[in-house]
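Asker: Take a look and give me a structure for this.
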Amino acid sequence: MDSVIIPTNNSKMDQVVIPISHSPVTINPSDKENNEDKKVRCCINITAIICILIITLPFAIADLIFGYSDQPCVNLTFSGIDMNIGTWLRVSGYIQIASIVLMIIFQFINEECSKIMGKLMQYLFGMFFVAWTIVGAVIFWKYLQPNDYCNGAIVSYLWARLIIGLVNSGCFMMIKNK
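Answerer: Model prediction:
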């Protein structure tokens, strides 16, 4: 076994002797493949997160903006339902942001745990948004729209938001039934 002598500035010791082993370093081919798989999976996860952010975040922000707006129809309450469209929009916005944050967090934890929690959260948030979209559709199309309580940008947004939400809910239900 060889050694390397390293000079020091220590007055008690003039040099340090470190033994060197000449054993060759071997790389297991499966380790290299696993690292490549991890890199590819990481790239796919980051791309998926970016796509979901691009699609989801604008709706979450718009839900919060319209939910906190001072338009009169946002805070109207009706007999037979204990919620208004403003509450519906605010809850929708906050839940969407929470789902994005949890999705990002799950990408940085143990891979197996991430898969399990990701599927669980996907199912729970998916089921919540199916039900929540139906609630919003009832509030809007049964109470607000027939009486023309809302006008302007909020009406256009709610039409688009609810139609996209119902299509998304239908897709979610079809995928879960496969």
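Asker: buried stuff in the helix or strand that contains Lys38?
Answerer: In the assignment (DSSP states H and E), Lys38 maps to helix 29-67. Under the neighbour-count criterion of 16 or more other Cβ atoms under 10 Å, helix 29-67 has 45, 59-60, 62-64, 66-67 buried. No exception for glycine: its C-beta is placed from N, CA and C like everyone else's.
Asker: and that helix, how far out from the chain's middle?
Answerer: Centre-to-centre, helix 29-67 and its host chain are 8 Å apart (Cα atoms, centre = their mean, to the nearest Å).
Asker: hey, C-alpha coordinates of the helix or strand just after it in PDB?
Answerer: Next in sequence after helix 29-67, counting helices and strands by DSSP H and E, comes helix 85-107. Written as PDB, here are the backbone C-alpha positions of helix 85-107 (Å, rounded to 0.1, in the frame of the first residue of the first chain):
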ATOM      1  CA  ILE A  85     -70.700  32.400  -5.800                       C
ATOM      2  CA  GLY A  86     -67.900  34.400  -4.100                       C
ATOM      3  CA  THR A  87     -67.400  31.700  -1.500                       C
ATOM      4  CA  TRP A  88     -67.400  29.100  -4.200                       C
ATOM      5  CA  LEU A  89     -64.700  31.000  -6.200                       C
ATOM      6  CA  ARG A  90     -62.500  31.600  -3.100                       C
ATOM      7  CA  VAL A  91     -62.600  28.000  -2.000                       C
ATOM      8  CA  SER A  92     -62.000  26.800  -5.500                       C
ATOM      9  CA  GLY A  93     -58.900  29.100  -5.800                       C
ATOM     10  CA  TYR A  94     -57.400  28.100  -2.500                       C
ATOM     11  CA  ILE A  95     -58.000  24.400  -3.000                       C
ATOM     12  CA  GLN A  96     -56.300  24.600  -6.500                       C
ATOM     13  CA  ILE A  97     -53.300  26.400  -5.000                       C
ATOM     14  CA  ALA A  98     -53.100  23.800  -2.200                       C
ATOM     15  CA  SER A  99     -53.200  21.000  -4.700                       C
ATOM     16  CA  ILE A 100     -50.400  22.600  -6.700                       C
ATOM     17  CA  VAL A 101     -48.300  23.000  -3.500                       C
ATOM     18  CA  LEU A 102     -48.900  19.400  -2.400                       C
ATOM     19  CA  MET A 103     -48.000  18.100  -5.900                       C
ATOM     20  CA  ILE A 104     -44.700  20.000  -5.800                       C
ATOM     21  CA  ILE A 105     -43.900  18.700  -2.300                       C
ATOM     22  CA  PHE A 106     -44.600  15.100  -3.300                       C
ATOM     23  CA  GLN A 107     -42.100  15.400  -6.100                       C
END
